[in-house]
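>>> what's the 3D shape of this:
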Amino acid sequence: QVHLVEAGGGLVQAGGSLRVSCTASTRVFTNYEIGWFRRTPGKEGEFLAAISWRPEVSYYSDSVKDRFTISRDNAKNTVYLQMNSLKLEDTAIYYCGARGVWMGIALETPQGFGSWGQGTQVTVFS
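Presented below is the predicted three-dimensional model:
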């Protein structure tokens with residue numbers, strides 16, 4: 001079982017940066033891959049990025065590649081999503097999910113993630 005809590009959302013001007021975090025309550029954090037998603041009223045469940053451990057590998061969707069960076073701090077059971085060069089269309093609720101590494105699903109696949117956090121709102125203004 002894993003419980004996820006997101007934090008760090010807020011208001012940011014277009015072109016600016018923001019970092020959101022996803023903290024897991026679990027005994028063995030390294031047993032899980034963590035994925036970041038976002039949703040808007042018109043688009044549910046857009047898969048943005050994911051990170052695994054052993055080896056540490058990351059995946060990015062085309063919409064955020066070169067602007068967002070995912071990282072993890074296993075000592076803090078936390079995964080971060082650093083968002084740079086934010087655009088108006090990045091406005092969304094950002095949420096994370098966990099997937100057990102034993103599931104053997106390719107990192108770039110959005111299926112299999114669960115234990116969703118409540119999400120954190122990111123609003124980009126002009």
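
>>> Tell me where this protein has helices.
Applying DSSP state H to the chain gives no helices.

>>> hmm, which helix or strand of it has the shakiest average pLDDT?
strand 43-51 (a mean of 94; mean pLDDT, DSSP states H and E).

>>> elements contacting it?
Applying 3 or more C-beta pairs under 8 Å, 6 or more residues apart in numbering; DSSP states H and E, one finds that strand 43-51 makes contact with strand 32-40, strand 58-60, strand 68-73, strand 78-83, strand 92-100. (Each C-beta comes from the backbone N, C-alpha and C, glycine too.)

>>> Distance from the chain centre to that strand, please.
Centroid separation for strand 43-51 versus its chain: 7 Å, with C-alpha atoms, centre = their mean, to the nearest Å.

>>> likewise stretch 42-53?
Worked out by C-alpha atoms, centre = their mean, stretch 42-53 lies 6 Å from the chain centre.

>>> returning to that earlier point: out of the helices and strands packed on strand 43-51, which comes closest to A106?
Among the helices and strands packed on strand 43-51, the nearest to A106 by C-beta to C-beta is strand 58-60 (8.7 Å).
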